[in-house]
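Undergrad: Fold the following, please.
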Amino acid sequence: QTSNGQYALTVMFLIVAVVQEYARGTRVRMKNTGARVASALGGLVARAPRRFGGYIVHIGFAFLFLAFVGQCFKQEFTATMKAGETASFAGYKIRLDRIETYVDTHKKGVIAHLSLFDGNELIATLAPEDRVYNTQDNPKSTEVDIHSTFWRDLYFTLRGVGGPPAAPTIADIKVHLNPL
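TA: Next up is the predicted model:
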């Protein structure tokens with residue numbers, strides 16, 4: 001079984017190879033013509049546009065490949081938690097710190113304050129939110145909070161709360177992991 005890291009390394013290898021090809025050609029052109037970097041690179045591409053344009057196309061397809069492969073590794077997780085409780089997902093620990101309600105002139109809302117841990121290290125604090133606007137048709141809005149790294153994105157959504165409306169005690173949290 002291969003991991004998404006192996007696919008990413010394959011794509012990185014392709015990118016490095018293409019960059020080296022451009023760098024090598026530019027260096028040779030600079031040496032032979034005495035041109036500066038930008039001029040040498042432009043002359044290189046102008047002299048063999050199909051070859052160097054093809055390299056760019058290959059990099060584009062490599063990124064598309066990486067994006068499609070990443071879709072295979074998506075994961076979702078839902079947890080109903082009380083303040084202070086912790087849930088585990090994809091190697092992370094998620095703790096519900098507290099639930100906050102508020103009302104202002106335009107809307108009322110509920111915020112779930114979360115802490116995200118990698119092992120025992122706190123790496124992020126998050127605050128997904130549900131809002132209801134004070135308009136004639138009361139449109140509801142869900143504010144997603146995102147924790148992004150180079151390798152993955154975690155999307156946190158507050159799906160609902162339970163308990164007294166003024167002081168909810170339970171939060172239903174959905175986490176969506178999107179690798180790469």
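
Undergrad: packing partners for the longest helix anywhere in the chain?
TA: The longest helix of the chain (DSSP state H) is helix 4-33. With contacts defined as 3 or more Cβ pairs under 8 Å, 6 or more residues apart in numbering; DSSP states H and E, the packing partners of helix 4-33 are helix 37-47, helix 49-71. Backbone N, C-alpha and C define where each C-beta goes, glycine included.

Undergrad: run the last query once more with 10 Å
TA: helix 37-47, helix 49-71, strand 170-179 (3 or more Cβ pairs under 10 Å, 6 or more residues apart in numbering; DSSP states H and E).

Undergrad: Look up how far V69 lies from Y92.
TA: 22 Å (Cβ to Cβ, to the nearest Å).

Undergrad: check which helix or strand covers the most centrally placed residue in the chain.
TA: The residue lying closest to the centre of the chain (Cα atoms, centre = their mean) is D153, at 3.0 Å. For D153, the element it lies in under DSSP states H and E is strand 152-162.

Undergrad: Can you list the low-confidence ranges for the chain?
TA: 1-5, 180 (pLDDT under 70).

Undergrad: For A171, grab the count of nearby residues.
TA: A171: 27 surrounding residues under other Cβ atoms under 10 Å.

Undergrad: same thing with L96?
TA: Per other Cβ under 10 Å, the neighbour tally for L96 reads 21.

Undergrad: Mind listing what's buried along the host helix or strand of it?
TA: Assigned by DSSP H and E, L96 falls within strand 92-103. By 16 or more other Cβ atoms under 10 Å, the buried positions in strand 92-103 come out as 92-96, 99.

Undergrad: Show me what that strand is packed up against.
TA: strand 75-82, strand 86-89, strand 107-118, strand 121-126, strand 129-133, strand 152-162, strand 170-179.

Undergrad: Quick one: the ones you listed as CSV, columns for distance to P139 too.
TA: Listed next are the helices and strands packed on strand 92-103 as CSV, based on distance: least, Cβ to Cβ, whole Å:
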stretch, distance to P139
strand 75-82, 24
strand 86-89, 30
strand 107-118, 10
strand 121-126, 23
strand 129-133, 5
strand 152-162, 16
strand 170-179, 20
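
Undergrad: Show me the one of these that comes nearest G60.
TA: strand 170-179 (20.0 Å; Cβ to Cβ).
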